[in-house]
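Chemist: got a predicted structure here, sequence first:
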Amino acid sequence: MQAVNTVLLEDETLRDGLQVEQRIFSLEEKLEIYRSLKNSGVRRIQIGSFVHPKLVPQMADTAELIAAIRRQDEQGPQLTALILNGKGLDRALACSLEHVSMSVSVSNSHSMKNAGKSAAEALKAMSLLIRDAVASGLTIRAGLQSAFGCVYDGKIEQSTVLHAAEKLIEAGAQEVNLADSTGMANPLAVLSLVGKVAKAFPQTGISLHLHDTRGLGLANMYAGYNAGVRTFDVCAGGLGGCPFIKGASGNVPTEDAAHMFSEMGIATGIDIHGVCATVAGLENILERKLPGRMSTIIASGRRHECT
């Protein structure tokens, strides 16, 4: 459990950050991103996902990436990955991962687009899969996608989220990840839903996966912190988004989240300048500016020093 004055920022640049990019990153480029994040003090990294390579080509080499990291770095950050089905679980076990994320959507339309199943069918299948994963010795973070609303189905009732959380926790999940996949959350909604989940499941950890699509990512993160959340998902530069949700781009930038918490006297262990160097490398590869604020400020400071 995190101390009151610390938070854990799980960096998902290598999974959520890259999965919507058309430009395929090489194994060596991914290794360089990993090394940069590690050297910046990131303590948990979602390294990729075990999904069909034809659907998400960027994730085709996740197993190879994990193997390459372990060959050169036995004492690095905790590695985790996203799995969505039985084949993904088998691949994660073959990589000897100890922690994984397993998620479903609480939006029926999003679930059909993302998993090819209704939300009810996906929840039942994932509950069974989590039981198998726990029996295999894995620790599980259960994600609830579109927990704060869906661009296809609109408002998601909190009772729907609580029901899904209950089923996944009963199956053995030790942490529930509330995902604002569409960026539709607001601070009051975060306070309300986190409060209800915490009250219903006081022994279960809660984390937040927030998208900055509508500019409320940091505000929602702060609301989550005030509601008791101490684990948050982030991506360097604000990369990322779901390929199956129209317009759902932009995670909370790692460097911006680290800066906000640092300014409030809350430790993350992350070197903001180091993460901004990661962002600069990504911008060079992608040939475009990323939306992170602190990377822009720090890069501007470097330019002024050179003039």
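Modeler: Thanks, I have the structure now.

Chemist: ok, now which ones touch the spatially most central residue of the chain?
Modeler: Residue closest to the mean C-alpha point of the chain, counted by C-alpha atoms, centre = their mean, is residue 233 at 4.2 Å. Shown in contact with residue 233 (C-beta atoms under 8 Å, 6 or more residues apart in numbering): 9-10, 12, 16, 46, 177, 207-210, 251-252. C-beta here means a position set from N, CA and C on the backbone, and glycine is covered the same way.

Chemist: now swap in residue 267 and tell me
Modeler: Contact analysis of residue 267 by C-beta under 8 Å, 6+ apart lists 5-7, 261.

Chemist: any idea how far apart the tips of stretch 153-164 sit?
Modeler: Using C-alpha to C-alpha, to the nearest Å, the end-to-end distance of stretch 153-164 comes to 17 Å.

Chemist: I misspoke; the intended subject was stretch 50-58.
Modeler: This stretch, stretch 50-58, spans 11 Å end to end (C-alpha to C-alpha).

Chemist: and that stretch, which residues are buried?
Modeler: Using 16 or more other C-beta atoms under 10 Å as the test for burial, stretch 50-58 gives 50-51, 56, 58.

Chemist: check stretch 278-294 too.
Modeler: 278-283, 286, 290-292, 294.

Chemist: ok, stretch 110-130 next?
Modeler: Of all the residues in stretch 110-130, those buried under the rule 16+ other C-beta under 10 Å are 110-115, 117, 119, 122-123, 125-127, 129-130.

Chemist: determine which two of those residues are furthest apart.
Modeler: Spatial extent of the buried residues of stretch 110-130 (C-beta to C-beta) is set by the pair 113 and 130 at 22.0 Å.

Chemist: can you confirm residue 133 is in a helix?
Modeler: Yes. Under DSSP: H, G, I helix; E, B strand; the rest coil, residue 133 sits within a helix.

Chemist: that one and residue 100 touch, don't they?
Modeler: Yes. Judged on C-beta atoms under 8 Å, residue 133 makes contact with residue 100 at a distance of 6.7 Å.

Chemist: pretty sure the residue nearest to the centre of the chain sits in a strand.
Modeler: Yes. According to three-state DSSP, the state of residue 233 is that of a strand.

Chemist: once you drop chain neighbours, what's closest to it?
Modeler: Sequence neighbours aside, residue 209 is the residue nearest to residue 233 in space, at 4.2 Å (criterion: C-beta to C-beta, 6 or more residues apart in numbering).

Chemist: return the set of buried residues in the host helix or strand of that neighbour.
Modeler: Assignment of secondary structure by DSSP states H and E places residue 209 within strand 205-210. By 16+ other C-beta under 10 Å, the buried positions in strand 205-210 come out as 205-210.

Chemist: could you give me the average pLDDT of the helix or strand immediately after it in the chain?
Modeler: Per DSSP H and E, the first helix or strand lying C-terminal to strand 205-210 is helix 217-226. The predicted model assigns helix 217-226 a mean pLDDT of 98.
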